[in-house]
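# got a predicted structure here, sequence first:
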Amino acid sequence: MLMLDPFRHLGRLAGQMLGTVAHPAAMPMDGWREGDDYIFALDLPGVDAGSIDVGVDRNVLTVSAERKDTAGEGAEMVVSERPRGVFSRQLFLGDAMDAERMTASYDAGVLTLRIPVAAQAGPRKIDIAVAGGQHPQIDAA
């Protein structure tokens, strides 16, 4: 016989109820800069790739996905600990990120977003006009 702690079970049920269309649950994420790219890895285990949506509106990146119930219709659930429903995450992109060249891949339950550093955010040389017609360069980095 399977024994469950009723308070622990109530906490899980409450967490699952938060993952609805009206109140999407968050997805864990790591983010880092690697060379000329910002990389974000979001955990979406058990999510069908077709249910993942990635979009950018102005400077807001939105990722949403849905994990559906795996039990067949009419099945009697004995244990229900895996979260299901709608998951969503928003990131505010800075001007240093080039969302137009962003790529996304999904492998082993991890959605990886790669956002290049914007060209205008990189280091560049600035010409300085000097009396006498000389034009030395100063490194802006």
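Perfect, thanks for sending it.
# quick one, what contacts the spatially most central residue of the chain?
Most central in the chain under C-alpha atoms, centre = their mean is Leu42, positioned 5.0 Å from the mean C-alpha point. Counting by C-beta atoms under 8 Å, 6 or more residues apart in numbering, Leu42 touches Met27, Pro28, Met29, Val63, Arg89, Val110, Leu111, Thr112, Leu113. C-beta: built from backbone N, CA, C; applies to glycine.
# of those residues, which is the nearest to Thr103?
If you rank the contacts of Leu42 by distance to Thr103 using C-beta to C-beta, Leu113 comes first, at 7.5 Å.
# so how far is Asp127 from the closest one?
For Leu113, the distance to Asp127 (C-beta to C-beta, to the nearest Å) stands at 36 Å.
# which of these two has more residues huddled nearby?
Leu113 (21 against 9; other C-beta atoms under 10 Å).
# residues touching Ile39, list them.
Counting by C-beta under 8 Å, 6+ apart, Ile39 touches Gly31, Trp32, Arg33, Thr112, Leu113, Arg114, Ile115.
# what about 6 Å?
The contact partners of Ile39, by C-beta atoms under 6 Å, 6 or more residues apart in numbering, come to Trp32, Arg114.
# helix or strand for it, just tell me which one.
Per DSSP states H and E, Ile39 falls inside strand 37-43.
# same check, this time on Ile115
Counting by DSSP H and E, the element that carries Ile115 is strand 110-116.
# just checking: what are the partner strands of the helix or strand just after that strand?
Next along the chain after strand 110-116, taking DSSP H and E as the criterion, comes strand 125-127. Paired with strand 125-127 in the same sheet, following DSSP bridges, are strand 137-139 (antiparallel).
# how many neighbours does Asp69 have?
Neighbour number of Asp69 under other C-beta under 10 Å is 12.
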